[in-house]
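Asks: Got a predicted model here, sequence first, then my questions.
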Amino acid sequence: MKQLKLFAPNDLRIVEAEKPEPGKGEALVRVKACAICTLEQRLFRGSMRIYYPIVPGHEAAGEVVEVGPGSITDLKPGEKVALDLIYRCGECYWCRVGQSNHCAFRFSKDVQTLGGFSEYIVVKTKQCFKVSGSVPFEIAALSEPLSCCVHSLRAINIELGEDLLVVGAGTMGLIHVLLAKTMGTRVFVVDPIKSRLDKAVALGADFPITFNPEEMKNEVLKHTDGRGVDAAIITAPTEEAFRNAAKVVRKGGRLAVYSAYSEEFDIPVNANYLHRSEISVVGVEGRSEKDFLIATKILSNGLIDLSPLVSSVFGPEQATAAIEKAGKPESYRVVLDFSK
Ligand SMILES: [Zn+2]
Ligand SMILES: [Zn+2]
């Protein structure tokens, strides 16, 4: 079977590998689509390392081919599944308290992690989440980014009728917009690129704002009776994004840091301001099994349409070009199609 292996930064090659066999508690899945996330881009460029060689890919969907003998599961061959490819041990403190996105062993050497850039993959049956047959594979593959947005909206307890500010209108910002609109909220979106704001509006955003601190403040205050938004989510990793978002969250509101910052920086918030305003600042990262389940239900039940976020589909032999394309500001998700 074909597999894409990253041997070193910028060295991604197609290799022939032996088709794995599922053991007890495992399933063999024929991968049909795997999207390219920023994690894969960082691994490719070498700005993030797990271990080498590694088969990247953690936004994958496919079809169950075989369930290992003796497995206790209701998974059946032929079923469409989205795969949760970040390892979770199930035994560490975080796994046991329901925060398996912080599993102590998730990127340990010798654990099978990622691996979606492959024709076939063996996973634990618990890593398979069923998706309705009506959802195309390239959309089912987006269950993973969707689950991360489910995680962040659940973390800041969005309520009916609230106002949400989404900073950044890239893929993750726009998934937040789509989800938040199904939750009965008004959504402000801020981004420096006009075409991205247009896309946000096409997907349901109520107030597009050009990234300009003055305009952002004026627009938000104008539409919220001078209070500010109930909650804000930062999906763009810049200091200004944080600084400006913090200024337009209402007293007692919530601010989520969703984006991974490529450089360390201290949060520029005055302690007295936090004290007096009672704003909660929360970090959000990854997703739990429950978030993943919710995401696959949302897609299966047709509650949101993620197809406008698939920019292009490439074959595995064009993976390097696909990763480069995925890093362009005008791209949303670029998907590798392993079905042929
Ligand atoms: Zn991802
Ligand atoms: Zn764990």
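Replies: Yes, it's here. Numbers count the residues shown, from 1 in each chain. Ligands and ions are numbered 1, 2, ... in the order given.
Asks: Could you identify the helix or strand that succeeds the top strand by length along the chain?
Replies: Looking across the chain with DSSP state E, the single longest strand is strand 26-36. Going down the chain from strand 26-36, the next helix or strand is helix 38-45, by DSSP states H and E.
Asks: ok, whichever helix or strand comes after that following helix: who's next to it in the sheet?
Replies: Next helix or strand after helix 38-45 toward the C-terminus (DSSP H and E): strand 59-67. Partners of strand 59-67 in the sheet, by DSSP bridges, are strand 26-36 (antiparallel), strand 80-84 (antiparallel).
Asks: quick check, the last one touching ligand 1?
Replies: Looking back up the chat, that one is strand 80-84. No: using C-beta under 5 Å from the ion, strand 80-84 never reaches ligand 1; the gap is at least 10.9 Å. The way it works is simple: take the backbone N, C-alpha and C, and place the C-beta from them, glycine included.
Asks: Grab the CA positions of the helix or strand following that strand and hand them over as PDB.
Replies: Next in sequence after strand 80-84, counting helices and strands by DSSP H and E, comes helix 93-96. Presented in PDB, the C-alpha positions along helix 93-96 are these (Å, rounded to 0.1, in the frame of the first residue of the first chain):
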ATOM      1  CA  TYR A  93      -4.700  11.500  35.000                       C
ATOM      2  CA  TRP A  94      -6.000  13.700  32.100                       C
ATOM      3  CA  CYS A  95      -7.600  10.800  30.200                       C
ATOM      4  CA  ARG A  96      -9.300   9.800  33.400                       C
END
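Asks: before we move on, back to that, could the strands paired with strand 59-67 go into JSON lines alongside mean neighbour count and mean pLDDT?
Replies: Shown next, in JSON lines, are the strands paired with strand 59-67 (neighbours: other C-beta atoms under 10 Å; pLDDT from 0 to 100):
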{"stretch": "strand 26-36", "mean neighbour count": "25", "mean pLDDT": "98"}
{"stretch": "strand 80-84", "mean neighbour count": "26", "mean pLDDT": "98"}
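Asks: from the chain's centre, how far out does the longest strand of the chain sit?
Replies: Here strand 26-36 is found 17 Å from its chain centre; the criterion is C-alpha atoms, centre = their mean, to the nearest Å.
Asks: tell me the angle it makes with helix 38-45.
Replies: 80 degrees (axes from the mean of the first three to the mean of the last three C-alpha atoms, to 10 degrees).
Asks: Measure how buried the spatially closest residue to Gly46 that is not a sequence neighbour is and give me the count.
Replies: Take Gly46 and drop its neighbours on the chain: the residue closest to it by C-beta to C-beta, 6 or more residues apart in numbering is Pro9, 2.9 Å away. Neighbour count for Pro9, taken as other C-beta atoms under 10 Å: 15.
Asks: correct me, but Pro9 touches Gln41?
Replies: No: between Pro9 and Gln41 there is no contact, the gap being 11.2 Å when judged by C-beta atoms under 8 Å.
Asks: intersection of neighbour lists for these two?
Replies: Any residue near both Pro9 and Gln41 by C-beta atoms under 8 Å, 6 or more residues apart in numbering counts here, and not one turns up.
Asks: hang on, the earlier thing: can you put the strands paired with strand 59-67 in a markdown table and add distance to ligand 2?
Replies: Output for the strands paired with strand 59-67, formatted as a markdown table (distance: least, C-beta to the ion, whole Å):
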| stretch | distance to ligand 2 |
| --- | --- |
| strand 26-36 | 18 |
| strand 80-84 | 13 |
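Asks: Can you add distance to Ala17 and give these back as CSV?
Replies: Shown next, in CSV, are the strands paired with strand 59-67 (distance: least, C-beta to C-beta, whole Å):
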stretch, distance to Ala17
strand 26-36, 12
strand 80-84, 17
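Asks: And for the closest residue to Arg49 other than its chain neighbours, the neighbour number?
Replies: Spatially, and ignoring its direct neighbours in sequence, Arg49 is nearest to Leu43 (7.2 Å; C-beta to C-beta, 6+ apart). Neighbours of Leu43 under the rule other C-beta under 10 Å: 22.
Asks: ok, Leu43 - contacts?
Replies: Here Leu43 is in contact with 6, 49-50, 54, 56 (C-beta under 8 Å, 6+ apart).
Asks: among the residues you listed, which ones are buried?
Replies: Among the contacts of Leu43, the ones that count as buried by 16 or more other C-beta atoms under 10 Å are 6, 50, 54, 56.
Asks: quick one: least confident of these?
Replies: For the buried ones among the contacts of Leu43, the model is least confident at Ile50; its pLDDT is 85.
Asks: Tell me the one among the buried ones among the contacts of Leu43 nearest to ligand 1.
Replies: Distance ranking of these against ligand 1, using C-beta to the ion, places Pro56 first at 10.7 Å.
Asks: quick one: which two of the contacts of Leu43 are the most distant?
Replies: Arg49 and Pro56 (11.7 Å; C-beta to C-beta).
Asks: What does the pLDDT read for the residue nearest to Gly46?
Replies: What the model reports for Pro9 is a pLDDT of 94.
Asks: For it, grab phi and psi.
Replies: phi -50, psi 140 (degrees, to the nearest 10).
Asks: residue boundaries of the helices in the stretch 201-340 of the chain?
Replies: Along the stretch 201-340 of the chain, the stretches classed as helices by DSSP state H, counting those that start in this stretch are 213-223, 239-247, 271-277, 289-300, 319-326.
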